[in-house]
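[1] fold the following for me, if possible:
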Amino acid sequence: MNLPTLQSRTLLLLLVAVTIAFFAILWPFHGAVFWGMVLAILFTPLYRRLLRRMPQRPNMAALATLLLCLVVVILPTTLIGISLVQEAGLIYERLRSGQLNLGAYAQQVMSALPNWVLSLLDRFNLTSMADVQERLSTVGVQAGQALATRALDLGQNTLQFLVSFGIMLYLLFFLLRDGAALGKRIGDAIPLDEGHKRQLTSKFTTVIRATVKGNIVVAAVQGALGGIAFWVLGIQGPVLWGVLMAFLSLLPAVGAGLIWAPVAVYFFATGAVMQGAMLTAYGIFVIGLVDNVLRPLLVGKDTKMPDYVVLISTVGGMALFGLTGFVIGPVIAALFIATWDLFAPPRAASASTSPAPRP
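    Residues are numbered from 1 along each chain as shown. I've put the predicted structure just below:
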C-alpha cells in the first residue's frame, strides 16, 4: 500500500467534506454573508484611506468605515423600503375596494384603439372586454395581495431580518479589518500559479465593484427619474413605481420601459396626448439615456464583457439566485471567461510566432 498517496487522498476527502459542512452551516445566512463580502470589497478602498490617517488604529478605521456604510447605503435603503411597503399597502386596499379598477382602464384603452389593431387582437381572442377586465382585475388583486403578503412576511420575520442584518454588519467589520490577510491566506492555499491567482482575483473584485456600483447607480438614477415623472403626472404611488423601475433597470436595454411605456400608451389611448408625449419623450431621451450612457461606462468598461453577456448572465443569475443574482451572474460569467483565457495562448505570443510573409 502506498501510504503517502492514501494520506493525500484522505486529506483531500476530509477537505471536501469539511468545506461542504461549513457552507451548509453558513447557508441559512448566505444572503447576509454574501452582502457582507460585497460591501467589504466596495468599501475596502475607503478603509485603507482612513487607515493611512490612523495607522495604529485599525479597529477605529474599520468602525468609521462601517458607520459611513450605514449612513450612505443602508439607512437610505431602509427608508425607501418603508415607503415602498406603505404605498404597496395603499394600492392593495384600493384594488380590493374597487377604487382602482384595471379592467376599466383596459376598456378605455380598447375603445380608443383603431380598427386594425382590434382586428389583430381579435385573432388572439383578446377583444372580449369582460374577459380582459376579469383577467386584469384578478392580476391586479393578486399582485397587490402578493405585495401585501411580502410586507406582512417582513413584519413577521423581523427577528430573522435583524439577526441577518447583525451578522452582515459584524462580518463586514472584520472583513474590512482583516480582509487583506484573510484573502492572502486563502490565496496561498489555492493550488494555482501565482499569476493565475492574481488574474482571477483581480477579475473577481473588478467585476463585483463594477457590477454593484454600476447597476446600483443606474437603477437608482432611473428609478428616481421615473418616480419624479410619475409624481409630476399625478400617478399614485410614485415611490412604488420608481422602485419597480429601479429593480427592472437591472435588466439592460428593456428595464424601466416595462413600467413607463404602458402608462404612456394609456395616456395616448385616453386622450391625454400631452401627458403621453411628455412621458414618452422623457422615457426615451432621459431615462433611456441613463441606461445607454452610464451602464457601458460603469459596467461594460470595467468588466470588459459584451453587453449581451452582461444581459444573459444578469437575467440567468436573478432567475437562479433572486435579487443577489444581478451580482452573482456577471461574476460567474466573468470568471468563466477569465478561466478559459488561462488556457488560451497569449495573443502577442501567437502573433510573434506566426511565420513571416514571404517577400
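
[2] tell me what the helix or strand in which residue 240 is found is packed against?
    Residue 240 is part of helix 238-248 when elements are defined by DSSP states H and E. Contacts defined by 3 or more Cβ pairs under 8 Å, 6 or more residues apart in numbering; DSSP states H and E place helix 238-248 against helix 75-97, helix 194-232, helix 257-269. Any C-beta I mention is one placed from the backbone N, CA and C, and that applies to glycine too.

[3] now that helix, how far from the chain's geometric center?
    13 Å (Cα atoms, centre = their mean, to the nearest Å).

[4] same question, stretch 246-260
    On Cα atoms, centre = their mean, the centre of stretch 246-260 falls 11 Å from that of its chain.

[5] same question for stretch 200-215.
    That offset, for stretch 200-215, works out to 13 Å (Cα atoms, centre = their mean).

[6] swap in stretch 236-249?
    Distance, centroid of stretch 236-249 to centroid of chain: 14 Å (Cα atoms, centre = their mean).

[7] flag every buried residue along it.
    237-249 (16 or more other Cβ atoms under 10 Å).

[8] got the residues you listed as TSV, with distance to residue 327 and pLDDT columns?
    Listed next are the buried residues of stretch 236-249 as TSV, based on distance: Cβ to Cβ, whole Å; pLDDT from 0 to 100:
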residue	distance to residue 327	pLDDT
237	28	75
238	27	82
239	24	79
240	24	79
241	24	83
242	22	85
243	18	82
244	20	82
245	19	86
246	15	84
247	14	80
248	16	80
249	15	79
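
[9] switch those residues over to TSV; also include distance to residue 40.
    Formatted as TSV, the buried residues of stretch 236-249 follow (distance: Cβ to Cβ, whole Å):
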residue	distance to residue 40
237	35
238	34
239	30
240	31
241	33
242	29
243	26
244	29
245	29
246	24
247	24
248	28
249	25
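
[10] let's have the helices and strands packed on helix 238-248 in CSV, adding distance to residue 43 and mean pLDDT.
    Converted to CSV, the helices and strands packed on helix 238-248 look like this (distance: least, Cβ to Cβ, whole Å; pLDDT from 0 to 100):
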stretch, distance to residue 43, mean pLDDT
helix 75-97, 15, 70
helix 194-232, 10, 83
helix 257-269, 31, 83
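
[11] right, and those - which one's nearest residue 305?
    helix 194-232 (8.1 Å; Cβ to Cβ).

[12] list the buried residues in that closest one.
    Under 16+ other Cβ under 10 Å, the buried positions of helix 194-232 are 199-200, 203, 206-212, 214-223, 225-227, 229-230.

[13] what's the answer for stretch 285-294, then?
    Residues of stretch 285-294 classed as buried: 287-288, 290-291, 294 (neighbour count, 16+ other Cβ under 10 Å).

[14] any idea how far that stretch is from the chain center?
    Counting by Cα atoms, centre = their mean, stretch 285-294 comes out at 18 Å from the chain centroid.

[15] I'd assumed residue 328 was in contact with residue 207.
    No. The pair residue 207 / residue 328 is not scored as a contact, 10.3 Å apart, by Cβ atoms under 8 Å.

[16] so which helix or strand of this structure has the lowest pLDDT on average?
    Here the helix or strand of the chain ranked lowest by mean pLDDT, DSSP states H and E is helix 347-353, holding a mean of 46.

[17] list the contacts of the nearest residue to residue 224 once chain neighbours are set aside.
    Ranked by Cβ to Cβ, 6 or more residues apart in numbering and with sequence neighbours excluded, the top spatial neighbour of residue 224 is residue 242, at 6.4 Å. By Cβ atoms under 8 Å, 6 or more residues apart in numbering, residue 242 lies in contact with 223-224, 226-228, 230.

[18] from residue 194, how far off is residue 242?
    Computed as Cβ to Cβ, to the nearest Å, the residue 242 to residue 194 distance reads 47 Å.

[19] do residue 331 as well
    Distance from residue 331 to residue 194, by Cβ to Cβ: 22 Å.

[20] and if you look at residue 282?
    Taking Cβ to Cβ, one finds residue 282 at 52 Å from residue 194.

[21] for residue 188, same thing?
    Residue 188 is 10 Å from residue 194, by Cβ to Cβ.

[22] do the same with residue 249
    39 Å.

[23] please apply the same query to residue 334.
    Residue 334 is 20 Å from residue 194, by Cβ to Cβ.

[24] what does residue 60 give?
    33 Å.

[25] can you list the low-confidence ranges for the stretch 51-200 of the chain?
    84-89, 91-92, 94-158 (pLDDT under 70).

[26] if we go to 90?
    Confidence mapping of the stretch 51-200 of the chain against pLDDT under 90 gives the ranges 53-58, 69-166, 168, 179-200.

[27] helices of that one, start to end?
    For the stretch 51-200 of the chain, helices defined by DSSP state H, counting those that start in this stretch occupy the ranges 58-69, 75-97, 102-112, 115-123, 129-156, 158-189, 194-232.

[28] show me what the last one is packed up against.
    The contact analysis (3+ Cβ pairs under 8 Å, 6+ apart) places helix 194-232 against helix 30-53, helix 158-189, helix 238-248, helix 257-269, helix 273-282, helix 288-295, helix 301-303, helix 325-343.

[29] between the ones you listed, which gets nearest to residue 68?
    The nearest among those, by Cβ to Cβ, is helix 30-53 at 6.8 Å.

[30] show me what the closest one is in contact with.
    Outside helix 30-53, the residues touching it (Cβ under 8 Å, 6+ apart) are 26, 58, 61-62, 64-65, 68-69, 73, 164-165, 167-169, 171-172, 175-177, 179-180, 205, 208-209, 212-213, 324, 327-328.
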